[in-house]
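Visitor: From the sequence below, what's the structure:
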Amino acid sequence: MMGFIADRLNNMALICLILSITVPITIYYINSKYHQLVDPKWKKENDQQSESKNQ
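Guide: This is a model prediction of the structure:
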């Protein structure tokens with residue numbers, strides 16, 4: 001069964017599949033770390049208050 005699937009996938013499709021998974025996850029991780037480091041103090045306080053209201 002795996003041979004049938006492997007024959008149908010070419011290298012370009014495999015590369016695109018891997019990139020379509022890793023690129024959005026990487027961007028999300030970098031964005032969250034950026035906001036943790038750069039956001040002003042008042043913004044962080046508002047975010048914490050809104051999170052506590054949601055829980």
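
Visitor: list the buried ones in the strand or helix carrying residue 45?
Guide: Under the criterion DSSP states H and E, the helix or strand holding residue 45 is helix 41-54. Within helix 41-54, no residue is scored as buried using 16 or more other Cβ atoms under 10 Å. The C-beta positions use only the backbone N, C-alpha and C, and glycine is treated the same way.

Visitor: what mean pLDDT does it have?
Guide: Per-residue pLDDT values across helix 41-54 average out to 73.

Visitor: Quick one: the helices in this structure, in order.
Guide: Per DSSP state H, the chain has helices spanning 2-8, 11-38, 41-54. These are given in chain order.

Visitor: relative to helix 41-54, how tilted is the longest one?
Guide: Going back to what we said before, that points to helix 11-38. Counting by axes from the mean of the first three to the mean of the last three Cα atoms, to 10 degrees, helix 11-38 points 110 degrees away from the direction of helix 41-54.

Visitor: packing partners for helix 11-38?
Guide: Packed against helix 11-38, as judged by 3 or more Cβ pairs under 8 Å, 6 or more residues apart in numbering; DSSP states H and E, are no other helices or strands.

Visitor: again, only this time at 10 Å
Guide: Where contact means 3 or more Cβ pairs under 10 Å, 6 or more residues apart in numbering; DSSP states H and E, helix 11-38 is packed against helix 41-54.
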